[in-house]
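K.L.:
Turn this into a structure:
(4 chains)
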Number of protein chains: 2
Amino acid sequence: MTSAGPREQRRSEPTIRDVARAAGVSKSTVSNVIRSAGGVAEATRERVLAAAADVGYRPNALARNLVRRRTTTVGIVVGDLSNPIFSELAKLAEQRLSRAGLATMICSTDGSPQREQEKLEMLLEHRVAGILMLQFSGERSTLARLRSAGTSVVLLTQWEEDADCVVLDERRGAELAVSHLVGLGHTRIAYLSSELVELQTDSARLAGYEDALRSAGIEPDPDLVTRLGHPAYLRSDPGLRSAIGRLVSLPDPATAVFASNDLLAVDVLETAEELRLAVPRDLSVAGFDDIQVSGLTRISLTTVAQPCGELARLGIELLLERIDGAQGPRRQLLLEPSLVVRDSTSTPLRSREPEVADVFPGA
Amino acid sequence: MTSAGPREQRRSEPTIRDVARAAGVSKSTVSNVIRSAGGVAEATRERVLAAAADVGYRPNALARNLVRRRTTTVGIVVGDLSNPIFSELAKLAEQRLSRAGLATMICSTDGSPQREQEKLEMLLEHRVAGILMLQFSGERSTLARLRSAGTSVVLLTQWEEDADCVVLDERRGAELAVSHLVGLGHTRIAYLSSELVELQTDSARLAGYEDALRSAGIEPDPDLVTRLGHPAYLRSDPGLRSAIGRLVSLPDPATAVFASNDLLAVDVLETAEELRLAVPRDLSVAGFDDIQVSGLTRISLTTVAQPCGELARLGIELLLERIDGAQGPRRQLLLEPSLVVRDSTSTPLRSREPEVADVFPGA
DNA sequence: TTGAAAGCGCTAACAC
DNA sequence: GTGTTAGCGCTTTCAA
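P.N.:
Numbering: from 1, shown residues only, chains lettered A, B, ... in the order given. Model prediction:
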């Protein structure tokens, strides 16, 4: 590396003009062969290709996109990439987009609506062809802004009346999980949620929880419903500990908890351990999402499965259609949830070994 | 929504010209205001800003980047976003880039060198200012290509003589883990790896493994070294089962395994369970990475910690310097590893309860 | 302090 | 088949 002088003048990269000159043709001819536009004599084509290789030509996507007035870039907005459910979805989406010849810009919002706005603005300035939102603050005006910018938007995992979206039937999913607990004999089932779950989604899951209870003739008890702040990830958390402590020492204690997502459910497992509560013996735990860890033998969490593959496939499919100009009415795709029963749920203790308290109620 | 006719003609978005017209100034003045270039009378400035808001102006990053001949976009190349270690790093990197005002394009390669080439090419066509590679096939010519394209590149987590990189001292990390096992009394320690780990990295970790053995006077036994194909993620896998089965039924069986990454180590935990091997009683297990799951009470894996925060911080710092034109020689930043000792490792069984075989060697 | 003009690298009519 | 031309929306001299 002795040749290049110090502070080497960085020559700008070869352009279509350089190729044209080298091949002895015009810019448009080069453009035609680069874009495989056809209408170019085979001999010329080869000459151009050779020249391009020769000068080390690499098309400039910026220039192309500018003049075409549309890009082949799609934005993915995600709340938190370290939540396995989102990294999985993001990965699958990127794969599909890539296969369709589109580039992906990923932005994370950390759940902050302000950051969400900023990231969206950035994507719009880059004139992305479409946006896939795995996280959405729910701000209605945001949707309007995106729409007026002419970008296609699909919400994944996030229900919204006024937008294209593909989601699991959250309410039904929660109902499935809670009905399972009821079926096992639980009557005191807590609902535990955290900021990891969007409010919109949280409400749906809570509704499903109540549905299940009511249809079993159990009146939902507000004392059993808790929404925590953002708890430490997969790590025991004081807020969670006191919440669970409270639930199990209620006059009529909870015997099961339905956590609104797996990350939280796993935290519950951890915390139960600390509190010397055996799962499922003393406490049944069910979650939502079916992230990879939940399937581990040592975790073995009963949970509602998110069909990530399906979600990503349908979401991207819909987005691509919209980008291609499909005009139809908004589409809401609702996927059927399924319950994966594992070892974290079982019959409640009291129905197995009647205690004094059962014989003398109120003791 | 009855106003817009069917198949509404999508007006193109307002440009700097529209703003200029609305404000009664020239394009350049608008440009000066937008870019906060100064040298504009306060009154004019406000008039322009008002006009911009009025027409709904949004700068076109493509045009800007084209004429400036550089973008504010950085590419992140990642192998597999569903490996928590990578999603974590990607997330942190994106955060830092975003804070520095840069947009992020994420590409995943699924570990395929060909896809890696394609993705890099795409990034170059988009004229990214820099590339952060969390995955690198190790192809030397790739580096040359990137360099000649004038892009700054930093490898994160991947050692490479001929490039800027920031990595953990892999060799030392492995040595730490294996020395810990040796210290517990193990002499038959297996090394288990999979395609989840890049060859380059794998070699370093293997070397550290051998270092530790040798400095304890133990000659590495090739019979104890296994590299598997890409195993199922966090899920038991037949290849792994037979590998472990073999290791523990060797004439002189393995009493511990050092897995070259946590995902694999957790798989080992699972598989051990299936094989009715108690960990750490029958088999000690150590990993590498310290992903979130490893810290769960129910997993409690002894492992070498990757300081993700540090890695991301230093990697982005270095990349930004290069993008800003820093010319110095290649820099290799080597971080010191640390071992997190948890419950998956302990004294080997035989040293606790001497068996007949120990009394009559060769029996 | 402001404006006119010359592109950035490319595409897409439209002539030849 | 191939070349000419007129921009895409913006930045950035350079004059005024």
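
K.L.:
for A:L228, phi and psi?
P.N.:
phi -90, psi 160 (degrees, to the nearest 10).

K.L.:
can I assume it is in contact with A:A243?
P.N.:
Yes: using Cβ atoms under 8 Å, A:L228 is in contact with A:A243, at 6.3 Å. C-betas here are computed from N, CA, C, even on glycine.

K.L.:
shared neighbours of those two, which are they?
P.N.:
Common neighbours of A:L228 and A:A243, using Cβ atoms under 8 Å, 6 or more residues apart in numbering or on different chains, are A:L192.

K.L.:
mind listing the strands in chain A by residue range?
P.N.:
Using DSSP state E, the strands of chain A run over residues A:73-78, A:103-108, A:130-133, A:152-156, A:164-168, A:189-194, A:225-228, A:256-259, A:284-289, A:302-305, A:332-335, A:338-340.

K.L.:
Please point out which parts of the second one sit buried.
P.N.:
When neighbours are counted by 16 or more other Cβ atoms under 10 Å in any protein chain shown, the buried residues of strand A:103-108 are found to be A:A103, A:T104, A:M105, A:I106, A:C107, A:S108.

K.L.:
Identify the residue nearest the first one in space, chain neighbours excluded?
P.N.:
Once its chain neighbours are removed from consideration, A:A103 has its nearest residue in A:T73; the separation is 4.6 Å (Cβ to Cβ, 6 or more residues apart in numbering or on different chains).

K.L.:
Now do the helices in the stretch 101-250 of chain A.
P.N.:
For the stretch 101-250 of chain A, applying DSSP state H, counting those that start in this stretch gives helices covering A:113-125, A:140-148, A:170-183, A:199-214, A:238-248.

K.L.:
got the buried residues of strand A:103-108 as CSV, with pLDDT and distance to B:V128 columns?
P.N.:
Output for the buried residues of strand A:103-108, formatted as CSV (pLDDT from 0 to 100; distance: Cβ to Cβ, whole Å):
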residue, pLDDT, distance to B:V128
A:A103, 98, 10
A:T104, 98, 13
A:M105, 98, 11
A:I106, 97, 14
A:C107, 97, 15
A:S108, 96, 18
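
K.L.:
Could you dump those residues into CSV and include distance to DNA strand D?
P.N.:
CSV is the format used below for the buried residues of strand A:103-108 (distance: Cβ to the nearest atom of the strand, whole Å):
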residue, distance to DNA strand D
A:A103, 19
A:T104, 23
A:M105, 19
A:I106, 24
A:C107, 21
A:S108, 26
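
K.L.:
Look up the pLDDT of A:R10 for me, please.
P.N.:
In the predicted model, A:R10 carries a pLDDT score of 52.

K.L.:
do A:V356 as well
P.N.:
46.

K.L.:
Tell me where the model's unsure across the stretch 201-350 of chain A.
P.N.:
A:231-233, A:350 (pLDDT under 70).

K.L.:
same thing but 50
P.N.:
Applying pLDDT under 50 to the stretch 201-350 of chain A flags no residue at all.

K.L.:
Then the stretch 51-200 of chain A?
P.N.:
Using pLDDT under 50, the stretch 51-200 of chain A has no residue that qualifies.

K.L.:
got the residues of it near chain B?
P.N.:
Within the stretch 51-200 of chain A, the positions adjacent to chain B are A:56, A:58-63, A:65-66, A:69, A:71, A:73, A:80-82, A:84, A:87-88, A:90-91, A:94-95, A:98, A:103-108, A:110, A:119, A:121-122, A:124-127, A:148-150 by Cβ under 8 Å from any Cβ of the partner chain.

K.L.:
Keep those residues, but drop any that are not near DNA strand C.
P.N.:
Restricting these to those within reach of DNA strand C (Cβ under 7 Å from any atom of the strand) leaves A:P59, A:N60, A:A63, A:L66.

K.L.:
Which parts of chain A belong to which domain?
P.N.:
Taking automatic domain parsing as the reference, chain A has its domains at A:6-59, A:71-168+A:308-336, A:170-306+A:340-350.

K.L.:
Since that was my last question, I'll sign off now.
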